[in-house]
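In: how would this look folded up:
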Amino acid sequence: MKKIIAVIILAIFISPIVKAQVDANAIGLRLGGGDNSGAEISFQHGFNDVNRLELDLGFGYSKGYNQFKISGIYQWVFNIEDGLGWYIGPGASLGLYSYNDGYYGNNGYNSDFYIEAMGQIGLQYRFDFPLQLTLDFRPAVEIIPELGHVHGSFGFGIRYVLGGNK
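Out: Residues are numbered from 1 along each chain as shown. A predicted model of the protein is given here:
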């Protein structure tokens with residue numbers, strides 16, 4: 001855990017030095033796995049050469065479980081070589097979920113609101129034409145309603161790049 005925190009701190013301090021290639025805007029899908037993550041409509045807005053905001057509107061489902069969430073992640077983007085880069089950043093999400101717990105008193109259905117703090121680390125590839133592919137991991141910790149519930153998900157993103165680079 002100390003190594004992960006050290007890498008994050010190092011990335012934050014190096015980010016102004018390393019020139020990355022952040023697109024002005026990109027829109028597409030992030031397909032997730034783990035903890036009932038489904039498809040997310042994803043939008044990225046670049047602020048400058050190294051920073052962007054990713055906003056995702058997600059839907060998840062599995063047998064007896066449904067969720068809807070909105071996520072926002074501030075990212076630092078680092079260039080590895082032309083077209084290939086990696087990114088890291090903190091974020092948060094809030095959402096609603098419903099599930100069937102099998103009890104008959106309320107027909108077995110329960111629902112709740114949640115807020116979670118999360119991070120994201122990933123790889124991205126930007127083609128010479130307006131297409132971006134990403135592969136990432138998002139660890140998260142629930143704050144409301146159950147403080148401390150930890151989970152994570154992997155995601156694959158495909159986005160159409162709107163405009164040019166920032």
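
In: tell me the mean pLDDT over the host helix or strand of residue 72?
Out: Taking DSSP states H and E as the criterion, residue 72 maps to strand 65-81. For strand 65-81, mean pLDDT is 92.

In: in its sheet, what does it sit against?
Out: strand 51-62 (antiparallel), strand 84-100 (antiparallel) (DSSP bridges).

In: Now do the buried residues in that strand.
Out: By 16 or more other C-beta atoms under 10 Å, the buried positions in strand 65-81 come out as 66, 67, 69, 71, 73, 75, 76, 77, 78, 79. Any C-beta I mention is one placed from the backbone N, CA and C, and that applies to glycine too.

In: Among these, which pair sits farthest apart?
Out: 66 and 79 (39.1 Å; C-beta to C-beta).

In: which residue ranges form the strands in the chain?
Out: All strands of the chain, identified by DSSP state E, fall at 23-33, 39-46, 51-62, 65-81, 84-100, 109-126, 131-144, 150-165.

In: tell me the angle of the strand holding residue 72 relative to strand 23-33?
Out: Relative orientation of strand 65-81 and strand 23-33, computed by axes from the mean of the first three to the mean of the last three C-alpha atoms, to 10 degrees: 130 degrees.

In: Quick one: work out the angle between strand 65-81 and strand 39-46.
Out: Put simply, strand 65-81 runs at 40 degrees to strand 39-46, going by the same axes, to 10 degrees.

In: partner residues bridging residue 93?
Out: residue 71, residue 116.

In: What's the local residue count around it?
Out: Neighbour count of residue 93, defined by other C-beta atoms under 10 Å: 19.

In: Leaving out the residues flanking it, which one is nearest to residue 59?
Out: Nearest non-adjacent residue to residue 59, counting by C-beta to C-beta, 6 or more residues apart in numbering: residue 38, 5.0 Å away.

In: if I look at the one you found, how far off is residue 131?
Out: 22 Å (C-beta to C-beta, to the nearest Å).

In: out of these two, which sits in the more crowded spot?
Out: Each of residue 38 and residue 131 has its neighbours counted (other C-beta under 10 Å); residue 38 has more, 18 against 14.

In: dump the residue contacts of that one.
Out: Applying C-beta atoms under 8 Å, 6 or more residues apart in numbering, we find residue 38 in contact with 31, 32, 58, 59, 60, 61.

In: All set, thanks.
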